[in-house]
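Engineer: Just need the structure, nothing else, for what follows:
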Amino acid sequence: MLSYKELAEKTLAQLDDQQIHWQPAGQPNNIYIIVKHMSGNMLSRFTDFLTSDGEKPWRQRDAEFEDDAPEATKAAMLELWNKGWDCLIHAIDSLQEEDLGKTVYIRTEPHTVMDALNRQLSHYPYHVGQIVYLGKIMRGEGWESLSIPVGQSSQFNEAKAAGK
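Structural biologist: Next up, the predicted model:
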C-alpha cells in the first residue's frame, strides 16, 4: 500500500502549483481533485474505523470533485494528502489480529474488516494510477521514470543479476 503512496509522491514532486490544477479536455478530474477525493475518502472510512459507519455524516463527497480552490498550492494539497494517509495508516496500525473478522459498515452495508480494507486498498491504487498518468502527460519529455526507464530493462536486469 505504501508503495502506491510513494508512486504518487514521486509524481507530485515533478509537478508545480499550476500543474496540479490542469485538466485535459472533457473535464476529467485534475490531480488536486483526485487528492482531495482520496483524502476525504480516507478520513471518512478510517476515522473510528471499527466503531462507526465508513461514510461519515460530515463528509461532503460531491464537493470533493470540485476544484474549489484553484489558488491552492501543491504544499496545501500535500497537507490534505498526508492527513488522509496518516488517518489510514494509523487505523491499520491500530488493528489487532482479532479485529480482522469483525464487521464494519460502509453506507450501512456490512463488510468484514478484511473486505473493507481490500475494497479501499483497490480504490486508492486506481486513483494513484490517474495521478501518475496525468503527471506523465504534463511532463512529457521531462518525465522522470518511476520504475525502469524505457529502453533500460536489459541493463536493469543485468545489474539485478549481478547483485547491484
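Engineer: just for this structure, where's the confidence low?
Structural biologist: In the predicted model, the chain carries no residue with pLDDT under 70.
Engineer: just how off-centre is the helix or strand where W81 lies within its chain?
Structural biologist: W81 is located in helix 74-94, with elements delineated by DSSP states H and E. Remark: helix 74-94 is offset 9 Å from the chain centroid, using Cα atoms, centre = their mean, to the nearest Å.
Engineer: Please name every helix or strand in contact with that helix.
Structural biologist: Contacts defined by 3 or more Cβ pairs under 8 Å, 6 or more residues apart in numbering; DSSP states H and E place helix 74-94 against helix 2-12, helix 31-46. C-beta coordinates here come from the backbone N, C-alpha and C atoms, glycine included.
Engineer: Could you export these as CSV, including mean neighbour count and distance to D86?
Structural biologist: Formatted as CSV, these follow (neighbours: other Cβ atoms under 10 Å; distance: least, Cβ to Cβ, whole Å):
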stretch, mean neighbour count, distance to D86
helix 2-12, 16, 11
helix 31-46, 22, 9
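Engineer: now for these, which one comes closest to M77?
Structural biologist: The minimum distance between M77 and the helices and strands packed on helix 74-94 falls on helix 31-46, with 5.3 Å, by Cβ to Cβ.
Engineer: now the angle between helix 2-12 and that closest one, please.
Structural biologist: Relative orientation of helix 31-46 versus helix 2-12 (axes from the mean of the first three to the mean of the last three Cα atoms, to 10 degrees): 160 degrees.
Engineer: elements contacting helix 31-46?
Structural biologist: helix 74-94, helix 113-139.
Engineer: of all the ones you listed, which lies closest to W22?
Structural biologist: Nearest to W22 among the helices and strands packed on helix 31-46 is helix 113-139; the distance by Cβ to Cβ comes to 6.0 Å.
Engineer: what about that closest one, distance to the chain center?
Structural biologist: Worked out by Cα atoms, centre = their mean, helix 113-139 lies 5 Å from the chain centre.
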